[in-house]
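Undergrad: sharing a sequence plus its predicted fold:
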Protein chains: 2
Amino acid sequence: MDATPDPVAVRDTVQTGLDAGELVTVFGRCRVEYDGRASSTLGPGDRLLVLKPDGTALVHTDEGHQPVNWQPPGCEHEVRLSDGTLRIHSSRTTPEETLDVCFETVTAVNRYAVTDDSELSVSGTEADLRERVLESPSLVESGFEPRATERETAAGAIDIYGVDERGNAVVVELKRRRVGPDAVGQLDRYVTALRRESHDETTVRGLLVAPSVTDRASELLADRGLEFVALEPHS
Amino acid sequence: MDATPDPVAVRDTVQTGLDAGELVTVFGRCRVEYDGRASSTLGPGDRLLVLKPDGTALVHTDEGHQPVNWQPPGCEHEVRLSDGTLRIHSSRTTPEETLDVCFETVTAVNRYAVTDDSELSVSGTEADLRERVLESPSLVESGFEPRATERETAAGAIDIYGVDERGNAVVVELKRRRVGPDAVGQLDRYVTALRRESHDETTVRGLLVAPSVTDRASELLADRGLEFVALEPHS
DNA sequence: CGTGCCAGGTGCCCT
DNA sequence: AGGGCACTTGGCACG
């Protein structure tokens, strides 16, 4: 279905493909309007529209990882022909969001019968870092003993809660990559919350465990009396 | 270039398209390996590979807004034929990252001559909220006077710095949507930093300006003695 | 180039 | 459905 100038055939191909649960792409010159959590307008240009069977819509230009406009999974796609021009209207509720793609010209329409049973397996994630610490707590500090993961506080869940060799409470915040000030703020919230929830005589230490730390974050750690431990998510 | 079983023709089409600065898509059954900031493996399945002229690579399955695997702009794409199977190797440096897509079968290859001169225009952003506050400071509070935007502190830049009707310093943190604990942590960092950098007698107030706030964030605001003002980014 | 932060972030898990 | 947070977050602006 390449280089199709007949608008009716284009519309039918898109509609048939969507009805068949296929992935459909439309390439051509179009304008795009979005309205929902924000609003956006995009003037004419050549783009690749990807319509997925799960209700996803992606508008890709020649540049960038991100689609210039999109609609998340779960949307309803409507295919219309108005004055001989193809219009795709994709909408959802909660939140109310609409995407309109209006094609001036359509160069190509393609249907793809997609099936994918494989699951993506990722390593080097924060979960891997947590496993590493739980298996070898001494990597954090000699004498460190994990007592709980995801321990709840009023400020949120602590990645790893434990005690040091002196019996002090230890809050560990894990990050798979170099950390900035935001991670320090997060750790500080948990430490502060735990101190309020603990007996007055209990000392609560806060440890940020990550591959590295920025200067600004390092200063903030010092200001708040928190500590840093360098550790990679992988061996 | 649909339903092409000839591997050599497939490879040549992909290579020619990339050389011509076109957007190229390859659809078929493939495996994907990624290694870089993390590592991942994806078993066989039907996917749409999108190769952009700026060096972007996207691997899309039948589900989801996000590509299951990808490579950011600026990568080098290598097209190879190994034992009659198409292999796309996409790599970059800083950080060192590689993506390998190995096609068991190729169902379709398409080339798209993409040009896009239009710029996306978005409204309802944090910048809009800032403009709104600067034009009508009383929306924040009667007597509020903005004095600076992006005022620097040791903990980062304050969105809007100003004074209230009593002459107290005011730190305003803007968020375009409902805020959680992270925004409170951010505001608290700026307020704490500014207090340290100010004369002891100066009172520094912290205002979180956003459409709404979660319960947890609200509690944190109270704990830290910070305030909330409800305001939307649009009129 | 690294640092810091917004984004229509998205996705996952939990209540 | 909403909250809290990780993510190969991506993207931009600034030092």
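TA: Good, I have the coordinates. Numbers count the residues shown, from 1 in each chain, chains lettered A, B, ... in the order given.
Undergrad: and the closest residue to DNA strand D within chain A, how many neighbours does it have?
TA: Going by Cβ to the nearest atom of the strand, DNA strand D is nearest to A:Gly156 of chain A, at 2.4 Å. To be clear about C-beta, it is placed using only N, CA and C from the backbone, and glycine gets the same treatment. By other Cβ atoms under 10 Å in any protein chain shown, the residues close to A:Gly156 number 17.
Undergrad: what sits against it?
TA: By Cβ atoms under 8 Å, 6 or more residues apart in numbering or on different chains, A:Gly156 lies in contact with A:186, A:189-190, A:193, B:181, B:216.
Undergrad: of those, which is the most crowded?
TA: Neighbour max across those (other Cβ under 10 Å) = A:Arg189, 26 neighbours.
Undergrad: contacting residues for it?
TA: Neighbours of A:Arg189 in contact, by Cβ under 8 Å, 6+ apart: A:155-156, B:181, B:185, B:220.
Undergrad: again with A:Ser40
TA: For A:Ser40, the contacting residues are A:32-34, A:69, B:120-123, by Cβ under 8 Å, 6+ apart.
Undergrad: helices along chain A, start to end?
TA: Assigned by DSSP state H, chain A shows helices spanning A:7-19, A:126-135, A:181-197, A:215-224.
Undergrad: can you show me the CA trace of the first one as PDB?
TA: Right, the one you point to is helix A:7-19. The C-alpha trace of helix A:7-19 is given here as PDB (Å, rounded to 0.1, in the frame of the first residue of the first chain):
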ATOM      1  CA  PRO A   7      -8.300   9.200  -0.400                       C
ATOM      2  CA  VAL A   8     -11.000   6.600  -0.100                       C
ATOM      3  CA  ALA A   9      -8.600   3.700  -0.400                       C
ATOM      4  CA  VAL A  10      -6.300   5.300   2.200                       C
ATOM      5  CA  ARG A  11      -9.200   5.700   4.700                       C
ATOM      6  CA  ASP A  12     -10.400   2.100   4.100                       C
ATOM      7  CA  THR A  13      -6.900   0.700   4.500                       C
ATOM      8  CA  VAL A  14      -6.400   2.500   7.800                       C
ATOM      9  CA  GLN A  15      -9.800   1.600   9.100                       C
ATOM     10  CA  THR A  16      -9.500  -2.100   8.000                       C
ATOM     11  CA  GLY A  17      -6.000  -2.300   9.500                       C
ATOM     12  CA  LEU A  18      -7.200  -0.900  12.900                       C
ATOM     13  CA  ASP A  19     -10.300  -3.200  12.800                       C
END
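Undergrad: hmm, who's touching that helix?
TA: With Cβ under 8 Å, 6+ apart, helix A:7-19 has contacts from A:1, A:4, A:23-24, A:26, A:51, A:53, A:77, A:79-81, A:84-86, A:88, A:106, A:109, A:111.
Undergrad: show me the beta-bridge partners of A:Val209.
TA: A:Leu174, A:Val229 (DSSP bridges).
Undergrad: hang on, isn't it packed against A:Val171?
TA: No - contact between A:Val209 and A:Val171 fails when scored by Cβ atoms under 8 Å: they sit 10.6 Å apart.
Undergrad: among the contacts of helix A:7-19, the buried ones, what's the ChimeraX command?
TA: Here is the ChimeraX command that picks out the buried ones among the contacts of helix A:7-19, judged by 16 or more other Cβ atoms under 10 Å in any protein chain shown:
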select /A:23,24,26,51,53,77,79,85,86,88,106,109,111
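Undergrad: can you pull up the bridge partners for the residue of chain A closest to DNA strand D?
TA: Residues in beta-bridge contact with A:Gly156 (DSSP bridges): A:Thr153.
Undergrad: redo the helices of chain A as JSON lines? Include mean pLDDT and distance to B:Val133.
TA: As requested, the helices of chain A are exported to JSON lines (pLDDT from 0 to 100; distance: least, Cβ to Cβ, whole Å):
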{"stretch": "helix A:7-19", "mean pLDDT": "96", "distance to B:Val133": "44"}
{"stretch": "helix A:126-135", "mean pLDDT": "98", "distance to B:Val133": "36"}
{"stretch": "helix A:181-197", "mean pLDDT": "96", "distance to B:Val133": "23"}
{"stretch": "helix A:215-224", "mean pLDDT": "97", "distance to B:Val133": "26"}
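Undergrad: could you say which of these is packed most deeply?
TA: Comparing the helices of chain A by mean neighbour count (mean count of other Cβ atoms under 10 Å in any protein chain shown), helix A:181-197 comes out on top with a mean of 22.
Undergrad: how far off centre is that one?
TA: 24 Å (Cα atoms, centre = their mean, to the nearest Å).
Undergrad: repeat that for stretch A:65-85.
TA: 21 Å.
Undergrad: same question, stretch A:194-210
TA: Relative to its parent chain, stretch A:194-210 has a centroid offset of 30 Å by Cα atoms, centre = their mean.
Undergrad: and if you look at stretch A:159-172?
TA: Counting by Cα atoms, centre = their mean, stretch A:159-172 comes out at 30 Å from the chain centroid.
Undergrad: roughly how far does the residue in chain A sticking out farthest from the centre sit from DNA strand C?
TA: In chain A, counting by Cα atoms, centre = their mean, A:Glu201 sits farthest out from the average C-alpha position, at 40.7 Å. As judged by Cβ to the nearest atom of the strand, to the nearest Å, A:Glu201 and DNA strand C stand 30 Å apart.
Undergrad: of the contacts of A:Arg189, just say which sits nearest to A:Thr115.
TA: A:Gly156 (39.2 Å; Cβ to Cβ).
Undergrad: doesn't A:Gly74 make contact with A:Ser91?
TA: No - with contact defined as Cβ under 8 Å, A:Ser91 does not reach A:Gly74; the gap is 10.3 Å.
Undergrad: out of those two, which sits in the more crowded spot?
TA: A direct count of neighbours by other Cβ under 10 Å for A:Ser91 and A:Gly74 places A:Ser91 higher, at 18 against 11.
Undergrad: specify the beta-bridge partners of the more buried one.
TA: Counting by DSSP bridges, A:Ser91 is bridged to A:Glu76, A:Thr98.
Undergrad: which residues of chain A lie near DNA strand D?
TA: Proximity of chain A to DNA strand D, by Cβ under 7 Å from any atom of the strand, involves residues A:64-66, A:94, A:120, A:122, A:124-127, A:155-157, A:159, A:173, A:175-177, A:186.
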